[in-house]
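> Build me a structure from this.
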Amino acid sequence: MTSRPRTDGKLPLTELADMKRRGEPIVMVTAYDYPSGRIADGAGIDVVLVGDSAAMTVLGNDSTVPATMDEMLMLTRAAARGAERPLIVADMPFGSFQVSDEDAIRNGIRFVKEAGADAVKLEGAGPSISRVLALVGAGIPVMGHVGLTPQSATMLGGFRAQGRTAEKAQRLLQDARALEAAGCFAIVLEAVPAEVAARITEALTIPTIGIGSGRGCNGQVLVFHDLLGLYEGKAPRFVKRYADLAAETKGALERYAADVRSGAFPADEHTYSIPEDELAAFEAALSGLRAESGTET
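Now for the predicted structure:
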């Protein structure tokens, strides 16, 4: 197993473009709190995405849409405390940028100032191009996202691959180029056919981060809970599980519950002691209190 060598300080944003030029894969993973951010940092992850997928994996919703700004700010702030070296990219939740450029700037600034994000990510092209221009103009780095965009999955016909016809593939390329021209420093390609994603990657000067889009992208991203087997239910076909922590965690909790119920826990080694003379003095004091209250038998 290999990991990216540790370097002092925050990974520079410009390093991602350099990695693309060198042909060095970019590793991105989601994280939603201090422990997961710290673990990602220790593992040598390049980019931590505080994804609105937290609405599902952490908060128990059926989609990403219910995620709020307040929730995303809290999660980003926690993850940023743990992930000191990786770039922190905060997902702009549904409703935080769709209404106007002004809303997008206001909420983007909150992610940077209040939560410690290095950049934000927003979904789609079209109307989102104006938002990218506004955010970049305000000095906020932006990661784009095309292909399957979960916030608008209903309009796309559900959670399914995008760009599977020549016309739709061409539209994805146009969208990706428009996002690049607007100032995005990288673009997530989600659920795009591998051949299409590879050609889009070749056509861009900025890096692409794939999720379900094949090896031709400049990097890959997976959801923390998916790759660790923490999120129950059917996983997308592009997920590779590297652990089954849900089963391990459940087993540990079952063993703990059994030990408590049997009296095996806590054992002597899990408890603190008091010197015998101090215990005797404490018991004498208790006897005096009982005598005063008339409860001593």
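> contacts and neighbour counts: CA atoms only from here.
Will do.
> can I have stretch 198-206 written out in PDB, keeping just the CAs?
C-alpha atoms of stretch 198-206 as PDB (Å, rounded to 0.1, in the frame of the first residue of the first chain):
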ATOM      1  CA  ALA A 198     -11.300  10.300 -20.700                       C
ATOM      2  CA  ARG A 199     -11.900  12.500 -23.700                       C
ATOM      3  CA  ILE A 200     -13.300  15.300 -21.600                       C
ATOM      4  CA  THR A 201     -10.200  15.000 -19.400                       C
ATOM      5  CA  GLU A 202      -7.900  15.200 -22.400                       C
ATOM      6  CA  ALA A 203      -9.800  18.300 -23.700                       C
ATOM      7  CA  LEU A 204      -9.400  20.300 -20.400                       C
ATOM      8  CA  THR A 205      -6.300  21.900 -18.900                       C
ATOM      9  CA  ILE A 206      -7.700  21.600 -15.400                       C
END
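> what's in contact with that stretch?
Residues outside stretch 198-206 that contact it (C-alpha atoms under 8 Å, 6 or more residues apart in numbering) are 17, 20, 173, 176-177, 180, 184-187, 207-208, 214-218.
> these two touch, right, Q98 and I105?
No - counting by C-alpha atoms under 8 Å, Q98 does not reach I105; the two are 11.2 Å apart.
> which one of those two has more residues nearby?
I105 (22 against 16; other C-alpha atoms under 10 Å).
> just checking, the more buried one touches L135?
Yes - at 5.4 Å, I105 counts as touching L135 under the criterion of C-alpha under 8 Å.
> Could you list the low-confidence segments of the chain?
1-8, 152-159, 233, 295-297 (pLDDT under 70).
> give me that answer again for 80
Applying pLDDT under 80 to the chain flags the ranges 1-8, 150, 152-160, 231-237, 292-297.
> Run through the strands of it in chain order.
Here the chain has its strands, by DSSP state E, at 26-30, 47-50, 87-91, 119-121, 142-147, 186-190, 208-211, 219-222.
> can you list the ones you listed in a markdown table and add mean neighbour count and distance to E248?
Shown next, in a markdown table, are the strands of the chain (neighbours: other C-alpha atoms under 10 Å; distance: least, C-alpha to C-alpha, whole Å):
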| stretch | mean neighbour count | distance to E248 |
| --- | --- | --- |
| strand 26-30 | 23 | 21 |
| strand 47-50 | 28 | 25 |
| strand 87-91 | 28 | 29 |
| strand 119-121 | 25 | 33 |
| strand 142-147 | 26 | 34 |
| strand 186-190 | 27 | 30 |
| strand 208-211 | 28 | 26 |
| strand 219-222 | 22 | 21 |
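> returning to what we had before: just the ones of the contacts of stretch 198-206 in helices?
Those of these mapping onto helices are A17, K20, L173, A176, R177, E180, per DSSP state H.
> count of neighbours near the last one?
Neighbour count of E180, defined by other C-alpha under 10 Å: 22.
> Excluding chain neighbours, what is closest to it?
Counting by C-alpha to C-alpha, 6 or more residues apart in numbering, I206 is the residue found nearest to E180 once chain neighbours are left out, at 7.0 Å.
> The fifth one too?
The shortest distance from R177 to any non-neighbouring residue, by C-alpha to C-alpha, 6+ apart, is to L204 (6.8 Å).
> now that neighbour: how far from S213?
The spacing between L204 and S213, counted by C-alpha to C-alpha, to the nearest Å, is 16 Å.
> do V89 as well
V89 sits 20 Å away from S213, going by C-alpha to C-alpha.
> one step back: so which of L204 and S213 has more stuff around it?
A side-by-side neighbour count of L204 and S213, using other C-alpha under 10 Å, places S213 first with 25 against 16.
> Am I right that the more buried one is in contact with A194?
Yes - contact criterion C-alpha under 8 Å: S213 and A194 qualify, at 4.9 Å.
> what's the overlap in contacts for the two?
What both S213 and A194 touch, as defined by C-alpha under 8 Å, 6+ apart, is an empty set.
> Please name the residues that touch K20.
Listed by C-alpha under 8 Å, 6+ apart, the contact set of K20 reads I26, I206, P207, N218.
> farthest pair in those residues?
The largest separation in the contacts of K20, counting by C-alpha to C-alpha, is between I26 and I206 at 12.1 Å.
> In stretch 58-67, which residues are buried?
Neighbour-count burial for stretch 58-67, counted by 16 or more other C-alpha atoms under 10 Å, picks out S63, T64, V65, P66, A67.
> What is the nearest of the residues you listed to S262?
S63 (41.1 Å).
> How far does stretch 173-191 sit from its chain's centre?
20 Å (C-alpha atoms, centre = their mean, to the nearest Å).
> Pull the residues that contact that stretch.
So stretch 173-191 is contacted by 17, 124-126, 129-130, 132-133, 136, 141-149, 160-162, 197, 200, 204, 206-213 (C-alpha under 8 Å, 6+ apart).
> This completes my enquiry, with thanks.
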